[in-house]
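Peer 1: Have a look at this prediction, sequence included:
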Amino acid sequence: MKRFEKFFDILGEILAIVMVVVYVLWILDLNFGFLPETVKLVLEIARTYGSLLLVAVVGMEAISKRNLIIRLVFYAAVALVVVFLFFPETYAQLMAMVANL
């Protein structure tokens, strides 16, 4: 896994720059309202999923030096976030199950 550390480092740097540009455009559009609706939609999607992707890539870089148990915990946490992000009703069902215990 250490051999991927440099790859995740470069990918994380690129994603960080892209996310800064996305946030700058988003904030400028909030103040001046110059972007068309389709671009606003793309920025909103990039803001939501790009941030998650950036966290995942930087996390992969950080755990590439760690042991298997820590990596598995990180993978499980990222998978949980992705499932709850794409299927919000799953979180509600899980909380209902926990409340009934």
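Peer 2: Right, received. Where do you want to start? Residues are numbered from 1 along each chain as shown.
Peer 1: per-domain residue ranges of the protein.
Peer 2: For the chain, the structural domains run 1-65, 67-101, going by automatic domain parsing.
Peer 1: Any chance of JSON lines for these, columns mean neighbour count and mean pLDDT?
Peer 2: For glycine as for every other residue, the C-beta is placed from the backbone atoms N, C-alpha and C. Formatted as JSON lines, those follow (neighbours: other CB atoms under 10 Å; pLDDT from 0 to 100):
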{"stretch": "domain 1-65", "mean neighbour count": "14", "mean pLDDT": "93"}
{"stretch": "domain 67-101", "mean neighbour count": "11", "mean pLDDT": "90"}
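Peer 1: for F87, phi and psi?
Peer 2: Here is the backbone geometry of F87 (degrees, to the nearest 10): phi -130, psi 80.
Peer 1: I meant to write F34 there.
Peer 2: phi -110, psi -10.
Peer 1: now the helices for the chain?
Peer 2: Counting by DSSP state H, one finds helices in the chain at the ranges 5-32, 37-63, 68-86, 88-100.
Peer 1: So the residue nearest in space to the middle of the chain versus K2, what's the distance?
Peer 2: Closest to where the C-alpha atoms of the chain average out (CA atoms, centre = their mean) is L52, at 0.4 Å. To K2, L52 is 24 Å away according to CB to CB, to the nearest Å.
Peer 1: Then F74?
Peer 2: For F74, the distance to K2 - CB to CB - is 15 Å.
Peer 1: do D9 as well
Peer 2: Separation of D9 from K2 (CB to CB): 12 Å.
Peer 1: Now do stretch 80-88: everything it contacts.
Peer 2: T48, L52, T90, Y91 (CB atoms under 8 Å, 6 or more residues apart in numbering).
Peer 1: Just the closest of those residues to G33, please.
Peer 2: Ranked by distance to G33 (CB to CB), the contacts of stretch 80-88 are led by T48 at 20.5 Å.
Peer 1: Spatially nearest residue to the closest one, not counting backbone neighbours?
Peer 2: Closest residue to T48 apart from its sequence neighbours, by CB to CB, 6 or more residues apart in numbering: L85 at 7.8 Å.
Peer 1: Lovely, talk soon.
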